[in-house]
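# Sequence first, then the predicted structure:
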Amino acid sequence: MRTLTLLSLLAGTMTLGCGEKDDTGTEEADADTDTDTDADTDADTDADSDADTDTGSALMGRSGTAMVSGGYVGTEEFYIISDDGDGDDLCRVSYDLNSVGERSDCKICDWAYDVEISNVQVITDTGVGCNLGKTEGSDIATLEGSVVPYGYVPEYYGHAQVLMAYDGAAWYAASFASLGEKDDFSYDWEVGYISY
Amino acid sequence: MTAVPHPQIGSLVVVSWTQRGDLEGRITFQEAGGEPLQTPQLSFVDGEQAEVILIGIPFETALSWQFEGSLDGEAATSLSHSTTTGPLPEGLPAPDLLASEPTAWADGDRYLLSSVNARAGGWTGGTFWKFILDRQGRYIWAMETPDDNWSIFLRVSYDGDDILWDEATYWSQFDSGEGSQIHRMKLDGTIISSVAAPGLHHAFVEQSDGTLVWGAADLTTEYLRRRSPGGEAEDFWSCNDSFSVDYCQSNTLYWHEETDTFLYSFYTNSSVIELDQSGNTLHYWGQNPSWSFEPSSSEFSWQHGAHFLEDGHILLSTHTTTGALETVVREYVVNEETQALEEIWSFGEGEGIHADTAGEAHRLDNGNTLHNYGSSAHLREVNPAGEIVWEVDWSGNRLLGRSVFLEDLYNFL
């Protein structure tokens, strides 16, 4: 069983995401070996490492539901949706999440677990989509058996229910969440925007 | 002459033409049955490419317009033209006008600038819209904030020429507000400047010299942070140095120009402090045993929008602490002798409206009070007797941002 932090699983998207666009400068201002001005080594002018020039922006995220009575039993879908989330699925992968251990290091959490990913199923893969996820640090081929830490804060700064995640060094608020009276838990974690 | 909806803000109509001869005057325009509106005085010389924006008409509304003035010194009036503003933006939640007493309004309180989350659910993620309503509760201007970032503290710039709006990432990207910005903008969407405001999660002010000041939170505490034009951000107050609390977060910041001090409101310990520019605490109300509330039932609870009125009173919106849980307006006299905040006016008790989060109150020029119910997405203007003279509701628990009345929209073009 491997323990993956969210940074290694997904968080490349957090730094590359958030609406990075193609650069259009005419001078080579970066330090790499290609002829464009971005920081990667391909010949195009966008920020990713593939050879094409990006034309769109997609929303990457993960939404899930679970029962959290004494453990974490749920499912999650990893998604990449074109047109900033308004278009078609470019990639959608579902998997089960089951707790394999309780965490006590999230001091503000009501509960926190290491949850293991299993039963990975590709629902949609346009070729562009899931490869894109791979280049952004979310390789679906490595999901099976990996473990992510999830936690829950009922009133994050007195305001809202929040899903907590762990980046390998510290817990952080990942997205709004909802915990129902019957221990039904849900969230839609919009990780960021990526160019494609 | 051509007249088309503005490409980004469809309620604006852009009239353009090539001028022949020297022209001075105004464009007057109105919707059917509506109040006549007019542009400021215009002046175009022969050969000039003229462009004028008409503002004040709701989306999806037919209007007529014509030029009235002089051409080469001779009185001139153009033919009457007609056009229709663009469609209401998709996803913008429509409010209901519940009460309207025009004779009770101040002349200058014509339009309301505010923001609303399109998604219901209280303090939750979603798409925030900045908007301007007319007194009929109709959108006459609206702009979406990108990337689901938060705009909840719109205000007019100190010089009165621009709209300042927050694009906060604290609750959209959960990045401790590292990506938060404050924009200075014209109503045609032209961004005059964008200033990085790291840590911004809720409130900010602009001082007379253009310095921006905001509450900057991280995961443990909060700092009062400022940035002068062109300068670096600097912290001049820390919550950990002032309060013995587990965590600290604010919801209002108000700059009182007369004394060059700040009122700074914290929901996390139901307190308001007054600070000077050096970060010294001049007053501490709320969880401070040295100051009392008269009556005691008027104490702060999840208070928002604290600010000084011209007479030195404090006005704010707060939760009740006794009886039914409601959101009410309270006005206090600051009695230095008795060290008491003495409530002298309130509104809202028994009205049955409660907002989990946010809210504020403004005293208007005619003595009326505008109560913004925050996450109850409800606005009420009441007269001093507590009679409702204007009421708008978005239904559900959508988060409503700071709100302020505007008089002349052409000040912002």
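The structure has been received and is ready for your questions.
# And residue A:21, what's its pLDDT?
Per-residue confidence (pLDDT) for residue A:21: 30.
# Let me know whether residue B:334 touches residue B:315 as I believe.
No. Contact status for residue B:334 versus residue B:315: not in contact, 11.5 Å apart, counting by C-beta atoms under 8 Å. Placement of C-beta: from N, CA and C, glycine included.
# Comparing those two, which residue is more hemmed in?
Using other C-beta atoms under 10 Å in any protein chain shown as the criterion, residue B:334 and residue B:315 rank with residue B:315 on top: 19 against 16.
# Run the chain-centre distance for the one helix or strand that one maps to.
In the assignment (DSSP states H and E), residue B:315 maps to strand B:314-319. Taking C-alpha atoms, centre = their mean, to the nearest Å, the mean C-alpha location of strand B:314-319 is offset from the chain mean by 17 Å.
# is it anywhere near chain A?
No. Using C-beta under 8 Å from any C-beta of the partner chain, strand B:314-319 never reaches chain A; the gap is at least 12.3 Å.
# That strand: partners in the sheet, and parallel or antiparallel?
Using DSSP bridges, the strands paired with strand B:314-319 are strand B:304-308 (antiparallel), strand B:327-335 (antiparallel).
# Tell me which of those is the most buried.
Ranked by mean neighbour count, these are led by strand B:304-308 with a mean of 24 (mean count of other C-beta atoms under 10 Å in any protein chain shown).
# what separates that one from the chain centre, distance-wise?
13 Å.
# check contacts around residue 99.
Going with chain A. A:71, A:72, A:73, A:113, A:114, A:115, A:116 (C-beta atoms under 8 Å, 6 or more residues apart in numbering or on different chains).
# Chain B is the one I meant
Residue B:99 is in contact with B:380, B:388, B:389, B:390, B:391, counting by C-beta under 8 Å, 6+ apart.
# Please pull out the lowest mean pLDDT helix or strand from chain A.
Lowest by mean pLDDT, DSSP states H and E among the helices and strands of chain A is helix A:12-16, with a mean of 26.
# For burial, what's the neighbour tally of the closest residue to residue B:383 other than its chain neighbours?
Leaving aside its chain neighbours, residue B:383 sits nearest to residue B:368 (5.2 Å; criterion: C-beta to C-beta, 6 or more residues apart in numbering or on different chains). Residue neighbour count, defined by other C-beta under 10 Å, stands at 19 for residue B:368.
# same check, this time on residue A:120
17.
# near chain B, anything from whichever helix or strand comes after the least confident helix or strand of chain A?
Downstream of helix A:12-16, the next assigned helix or strand under DSSP H and E is strand A:57-67. No. Applying C-beta under 8 Å from any C-beta, one finds strand A:57-67 separated from chain B by no less than 9.7 Å.
# partners of strand A:57-67, with directions?
strand A:73-81 (antiparallel), strand A:184-195 (antiparallel).
# Can I get the ones you listed in CSV including distance to residue B:53 and mean neighbour count?
Below are the strands paired with strand A:57-67 laid out as CSV (distance: least, C-beta to C-beta, whole Å; neighbours: other C-beta atoms under 10 Å in any protein chain shown):
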stretch, distance to residue B:53, mean neighbour count
strand A:73-81, 36, 21
strand A:184-195, 31, 21
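# any chance of those strands in a markdown table, plus distance to residue B:252?
A markdown table is the format used below for the strands paired with strand A:57-67 (distance: least, C-beta to C-beta, whole Å):
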| stretch | distance to residue B:252 |
| --- | --- |
| strand A:73-81 | 37 |
| strand A:184-195 | 28 |
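# In CSV: those strands, plus mean pLDDT and distance to residue A:131.
Formatted as CSV, these follow (pLDDT from 0 to 100; distance: least, C-beta to C-beta, whole Å):
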stretch, mean pLDDT, distance to residue A:131
strand A:73-81, 95, 10
strand A:184-195, 90, 12
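# Among the contacts of residue A:99, which lie within strands?
A:73, A:113, A:114, A:115, A:116 (DSSP state E).
# among those residues, which two are most distant?
Taking C-beta to C-beta, the two most distant members of the ones in strands among the contacts of residue A:99 are A:73 and A:114; they sit 13.5 Å apart.
# All good on my end, thank you.
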